[in-house]
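Visitor: need a structure here:
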Amino acid sequence: MPIEYRPITEDDLEAAARIQAWTFHSHLDDSWMPIVREWFELGDFIGAFDGQDPVGVTERYPFEMTVPGGSVTTACIRGVTVLPSHRRRGLLTEMMKRQLTAAHESGLTMSALEASETPIYGRFGYGIACEHENWSIDRHRSGYREEYSWDGSINIVKSDRTRKVFPEVYRRAAPLRAGVIVQPPNPFWHEVFGKEDAKDTNFYVEYRESEVEGCAVYQIKGGIVSVSLFLACNDDAYAALWRYLFDIDLVSTIKASDRPRDEHLVWMLHDPRALECKPRDRTWLRLIDVPKALSSRTYAIDGEIVFEVRDSFCPWNDGTYHLTGSPSGATCQPTTKSPDITLSVDDLAVPYLGGSPFTPLAHAGRVEEHTPGALRRADGMFTTELKPWSPMMT
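Guide: A predicted model of the protein is given here:
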């Protein structure tokens, strides 16, 4: 029987959620179905069906993501699933093609996702646009280099308060960088806080001055403090909250996941080597409309670049484009000019948010420079003051 590809309906939803849970090595907890339905109401689900049964699922959501100088409505992909019984039969390729085509027809500029396995998504035009670090530090080596002081107060708070206050802290703190989902919907926060019984495992702390300027969510198990969310609107909140976490008694280690690559905690420590940092890819970005994407961000310096972009998966992108950019804005149009740089669409995604320059990609044989100095000029244009960060990715 041939595989049928179609939108997932309300009647299909529980079966689709069940195979997603199986794929990620768990079982569907019926108490999560209200959250699954919230996600379903926000997005577009495409499934692969073998008879009446879903055997593959993809989800797409139009969320606003920050880019240098602004924000862009982005097709965020999540919940990508194909059952082991139906692997290597082209199901994922077909579902991704349908999702990206639909996003393009809807006028969306980019797509983003977090990859469970890194070899999968380059063939669909996604590149690593944002990397994070996972941290670990011995509590007894976590002293600060200087005596920092702050005027605010630290308070442990109840979960019902966090659900009201922490999203507001996120709204003020997170969009300082590119790569951030501007206003995560309620299901994001349900996944951060967990179900109501998560009060037995989660601890919540906030830093308050005249208003709440920082917050953290953490768990303690086996002598390890695991920080799952940390947000700070200013340097005082940042220093005070980490000091609180480092001073928790009866633990040996503090761990934190998904921190920005250029965060400054290491420069605050008396023993910088104590902070063990492990980099990891986070946001995989895909430019759905190349000229629209390049003209939707600002650039660090004035400059012009002609890019030849290769894109076999979304052939409407395949072509040559003249970018004129500056700190105040940009234009990008198709051109017949000779290219300064040739690269694939997945490699163009890597520097798009300012996470990495073009030059290392050229040394890796992935970007070709035709005009001397073009790579240096492109690096200067695309750089950003802060590395991109995605504290809540799809």
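
Visitor: setting aside sequence neighbours, what's the nearest residue to P272?
Guide: V266 (5.0 Å; Cβ to Cβ, 6 or more residues apart in numbering). Heads up, the C-betas are built off the backbone N, CA and C, glycines and all.

Visitor: any idea whether that neighbour is helix, strand or coil?
Guide: At V266 the chain is in helix, as set by DSSP: H, G, I helix; E, B strand; the rest coil.

Visitor: now swap in T66 and tell me
Guide: Under three-state DSSP, the three-state class of T66 is strand.

Visitor: over to the one 10 residues further on?
Guide: Under three-state DSSP, the three-state class of C76 is strand.

Visitor: could you check the pLDDT of it?
Guide: Among the per-residue scores, C76 shows a pLDDT of 97.

Visitor: contacting residues around it?
Guide: C76 sits next to 60-63, 65, 111-113, 181, 393-394 when contact means Cβ atoms under 8 Å, 6 or more residues apart in numbering.

Visitor: same thing but 10 Å
Guide: Taking Cβ atoms under 10 Å, 6 or more residues apart in numbering, we find C76 in contact with 43, 59-65, 103, 108, 110-114, 181, 283, 393-394.

Visitor: same thing with A112?
Guide: By Cβ under 10 Å, 6+ apart, the contact set of A112 is 61, 63, 65, 72, 74-78, 126, 129-130, 179, 181, 282-286, 349, 353, 390, 393-394.

Visitor: try A274
Guide: 136-143, 266.

Visitor: go again with 8 Å.
Guide: Counting by Cβ under 8 Å, 6+ apart, A274 makes contact with 137-138, 141-142.

Visitor: neighbour-wise, which one of those leads?
Guide: I137 (23 neighbours; other Cβ atoms under 10 Å).

Visitor: that's a strand at that one, yeah?
Guide: Yes: counting by three-state DSSP, I137 is located in a strand.

Visitor: where does this protein dip in pLDDT?
Guide: Residues of the chain meeting the criterion pLDDT under 70: 195-200, 393-394.

Visitor: can I see the domain layout of it?
Guide: Domains of the chain are assigned by automatic domain parsing as 4-130, 133-279, 290-344+356-382.

Visitor: of the contacts of C76, buried ones?
Guide: Burial by neighbour count, 16 or more other Cβ atoms under 10 Å: within the contacts of C76 this picks out 43, 59-61, 63-65, 103, 108, 110-114, 181, 283, 393-394.

Visitor: so which of those are in helices?
Guide: A103 (DSSP state H).

Visitor: which ones among the buried ones among the contacts of C76 are found in strands?
Guide: 59-61, 63-65, 110-113, 283 (DSSP state E).

Visitor: all set, thanks.
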